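In: Sequence and predicted structure, then a few things I'm wondering about:
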Amino acid sequence: MIFVTVGTDLPFDRMVRVMDEWAGQNPQREVFAQIGEGGWQPQNIRFANFLQPLEFVEYFKSASVIISHAGMGTILSALHHRKPILVMPKRASLGEQRNEHQLATARHMMDMGCVNVAFDATELREWLDRLDNLKQPRPIGVSASESLVQKLRDFIFDHSV
Amino acid sequence: MPNKTPKVLAISSGGGHWVQLLRLRPAFAGCDVTYATVRDGYRTDVSENASFRLITDGNRWNKIKLIRSALGVMRLILSVKPDVIVTTGAAPGYFAVRIGKWFGARVVWLDSVANAGELSLSGKQAGSFVDLWLTQWPHLSRYGGPQFFGNVL
């Protein structure tokens, strides 16, 4: 199953339309999409506006591939569950996000070997025809880096830090 | 009072901010910690030993929700009385560190790892008064600016 998620904020119709069109042409592939409140409703794939956290985890676990906006919640979940993830950055210039940070998130997370990126709908369509080529994400630990945890502990327990 | 168990308020909005906050959990071991966020469904993410409090989300584009969020965060701080506040953003976290300072808490802003190109707007604003100002990207740290000590990955 391919799990598509656009995050908890604004919808991402540009991505959902491509996924819907592709699912129509590839009926053998199972796709489920979380499309956000007020998002365009796809014709060929099952969808929900929002998912409760436990439902989200269930879909995540049973998915073979994650296709999503370049949101850190989804990216971290993909790394945690070791799922290959393809992200497409939401653009503030197209009203999909409140600021343009997802472009930088996508570029930097790609450089770190954490995600595959489709920068626009054309690239997304190209990726969909070769999903087997998606890179597996690098493994991550169960929590933040030790140096960050230690800095926070020093701060919490030692008032002089 | 060096032996007192520190009271920590860990607070954020939803989505990636919350996932990042949860990845800081080992930092709060041995603390009396309260988690606060914007969706009741996240309650199951928090262990039974920690408290969970719900707050209203807000953003700069909806002033009424923003004010409601700030008032909720104020009430939360008055009732929890934290020694330390840690946030990963966004708006409710900003209110928490701002208001928390008025009531004597020591406060930490950890800018979201999503902000890889530049610090968030609220992160930049928080920098002028927080006790510990952190970015998760080494290229964004600078002298007199946010510091880098690692990330949530």
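Out: Noted; the coordinates are in hand. Note that this is a predicted model, so its numbers are computed, not measured.

In: as a whole number, average confidence for the host helix or strand of B:Trp18?
Out: Using DSSP states H and E, B:Trp18 falls within helix B:16-22. Averaged across helix B:16-22, pLDDT comes to 96.

In: which residues pair with the most centrally placed residue in chain B across the strands?
Out: For chain B, the residue nearest the mean C-alpha position is B:Thr87 (1.3 Å; Cα atoms, centre = their mean). Applying DSSP bridges to B:Thr87 gives these bridge partners: B:Ile11, B:Trp109.

In: right, and it touches B:Trp18 too?
Out: No: using Cβ atoms under 8 Å, B:Thr87 is not in contact with B:Trp18; the gap is 10.8 Å. C-beta: built from backbone N, CA, C; applies to glycine.

In: Would you map the strands across chain A?
Out: Using DSSP state E, the strands of chain A run over A:2-5, A:31-34, A:46-48, A:65-69, A:85-88, A:116-117.

In: so which helix or strand takes in B:Val97?
Out: helix B:91-102.

In: unless I'm mixing things up, A:Gln34 is touching A:Asp9, no?
Out: No: under the criterion of Cβ under 8 Å, A:Gln34 makes no contact with A:Asp9, lying 11.9 Å away.

In: returning to what we had before: please enumerate the shared neighbours of B:Thr87 and B:Trp18.
Out: Jointly contacting B:Thr87 and B:Trp18 under the rule Cβ atoms under 8 Å, 6 or more residues apart in numbering or on different chains are B:Ser12.

In: give me the number of residues near A:Phe157?
Out: Neighbours of A:Phe157 under the rule other Cβ atoms under 10 Å in any protein chain shown: 13.

In: Now for the nearest residue to it once chain neighbours are set aside: which residues touch it?
Out: Once flanking residues are discounted, A:Phe157 sits nearest to B:Pro6: 6.6 Å by Cβ to Cβ, 6 or more residues apart in numbering or on different chains. Counting by Cβ under 8 Å, 6+ apart, B:Pro6 makes contact with A:156-157, B:31-32, B:83-84.

In: Give me the local confidence score for A:Arg138.
Out: You'll see A:Arg138 listed with a pLDDT of 87.
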